[in-house]
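**Student:** Requesting a structural model of the entry that follows:
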Amino acid sequence: MSYYHHLIKSSAGYGALTTAWITATGETDTTIISALNTLETDLTTYGLTSKMKYLYPFVGGTAVKHKYNFMNTALKQLTFSGGWTHSATGAQPNGTNGYADTGVSRSDFTSLNSLSFGVYSRTNIQGIYGDIGTGGGTDDFNMYSYAVGGNYYRVGGADGSQVSAGTNSLGLFVGNRIDATTVRCLSNGTITGKTVVQAFTNTQNSLIGTALANYSPRQYAFCLYADGLTDANLNNLDTLVQAFQTTLSRNV
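**Tutor:** Here you go, the predicted model:
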């Protein structure tokens with residue numbers, strides 16, 4: 001019996017996404033596999049599987065394992081550039097030139113006015129550090145989890161910009177647009193919102209670890225792209241991501 005046949009056989013009790021991830025990475029750590037399988041189950045339980053486009057759990061401790069999209073390991077694999085440190089607790093760019101190209105752009109979402117993007121940060125540092133987003137323009141989408149003035153999100157144009165009164169960069173942060181006029185963002189358990197009018201035209205790929213060449217030194221333990229999420233979706237997403245990190249003993 002080949003190595004991969006053995007893996008497929010041994011993962012028969014796991015969900016389809018978890019099984020595919022095992023096959024792609026060769027992962028054998030049962031704590032990681034169990035956490036991923038529970039994550040898969042929770043996504044289904046909370047009705048988030050159909051909304052989730054690309055998800056990077058950053059488990060396994062290596063660049064090879066960190067590159068895979070959990071929703072479909074064959075699509076949108078990350079390309080890491082510059083300096084990165086990969087470990088059991090996540091992936092951390094060096095704050096100078098490190099970033100990951102996701103290959104994800106606005107055309108990958110179901111609707112141009114319905115999209116969300118986010119990261120789970122394990123590093124508390126304030127500054128103009130772009131956690132995730134496109135590279136430029138006035139109609140881009142990006143996020144600074146703890147910039148001057150709090151948590152900053154741009155979700156389509158200058159009028160899509162939003163600042164919430166965050167006091168750190170720890171936990172799950174999600175920039176989120178649910179329709180043509182509404183932005184609802186999650187900052188470590190707190191949801192804030194505003195009305196917008198400007199639509200997207202930006203076609204650049206989204207990057208992790210930088211936005212507008214503002215390179216981040218924060219460690220990331222989760223990254224996601226999804227269609228627009230309701231407040232209930234955001235709360236459920238926060239619950240399942242926190243549970244996932246707790247299982248792996250890397251929650252903050």
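
**Student:** ranges for the strands of the stretch 101-250 of the chain?
**Tutor:** 115-121, 132-133, 141-147, 150-155, 161-164, 171-177, 182-187, 190-195, 207-208, 220-226 (DSSP state E, counting those that start in this stretch).

**Student:** Using CSV, lay out those together with mean neighbour count.
**Tutor:** Every C-beta, even on glycine, is put in place using the N, C-alpha and C of the backbone. Shown next, in CSV, are the strands of the stretch 101-250 of the chain (neighbours: other CB atoms under 10 Å):
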stretch, mean neighbour count
strand 115-121, 27
strand 132-133, 28
strand 141-147, 26
strand 150-155, 26
strand 161-164, 19
strand 171-177, 27
strand 182-187, 24
strand 190-195, 15
strand 207-208, 26
strand 220-226, 25
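
**Student:** Please identify which of these is closest to residue 43.
**Tutor:** Relative to residue 43, the nearest member of those by CB to CB is strand 220-226, separated by 10.1 Å.

**Student:** Specify the angle between the closest one and strand 171-177 in degrees.
**Tutor:** 20 degrees (axes from the mean of the first three to the mean of the last three CA atoms, to 10 degrees).

**Student:** lowest-confidence helix or strand of the chain?
**Tutor:** When each helix and strand of the chain is scored by mean pLDDT, DSSP states H and E, helix 3-10 comes last, with a mean of 41.

**Student:** Now the element after that helix, going C-ward?
**Tutor:** With elements assigned by DSSP states H and E, the helix or strand that comes after helix 3-10 is helix 16-25.

**Student:** Quick check: buried residues in that next one?
**Tutor:** By neighbour count on 16 or more other CB atoms under 10 Å, the buried set for helix 16-25 is 17-22, 24-25.

**Student:** could those go into JSON lines alongside pLDDT?
**Tutor:** Putting the buried residues of helix 16-25 into JSON lines (pLDDT from 0 to 100) gives the following:
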{"residue": "17", "pLDDT": "98"}
{"residue": "18", "pLDDT": "98"}
{"residue": "19", "pLDDT": "97"}
{"residue": "20", "pLDDT": "97"}
{"residue": "21", "pLDDT": "98"}
{"residue": "22", "pLDDT": "97"}
{"residue": "24", "pLDDT": "98"}
{"residue": "25", "pLDDT": "98"}
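
**Student:** Tell me the one among these nearest to residue 113.
**Tutor:** For residue 113, the nearest member of these is residue 17. The distance, counting by CB to CB, is 27.5 Å.

**Student:** nearest spatial neighbour of the closest one, skipping sequence neighbours?
**Tutor:** Using CB to CB, 6 or more residues apart in numbering and skipping residues adjacent in sequence, the residue nearest residue 17 is residue 40, 4.8 Å away.

**Student:** ok so, going back, just tell me which of the strands of the stretch 101-250 of the chain ends up closest to residue 234.
**Tutor:** Closest among the strands of the stretch 101-250 of the chain, using CB to CB: strand 182-187, at 4.6 Å.

**Student:** now what about that closest one, what contacts it?
**Tutor:** The contact list for strand 182-187 (CB atoms under 8 Å, 6 or more residues apart in numbering) reads 118, 145, 150-151, 153, 155-156, 160, 162, 164, 166, 171-178, 191-196, 229-231, 234, 237-238.

**Student:** What about residue 231, how many residues nearby?
**Tutor:** Number of residues near residue 231 (other CB atoms under 10 Å) recorded here: 13.

**Student:** Residue 191 is in contact with that one, correct?
**Tutor:** Yes. Assessed by CB atoms under 8 Å, residue 231 is found in contact with residue 191 at 5.5 Å.

**Student:** which ones are touching the residue nearest the centre of the chain?
**Tutor:** What sits nearest the mean C-alpha location of the chain, by CA atoms, centre = their mean, is residue 223, with 1.7 Å. Counting by CB under 8 Å, 6+ apart, residue 223 touches 55-56, 58, 102, 118-120, 132, 208.
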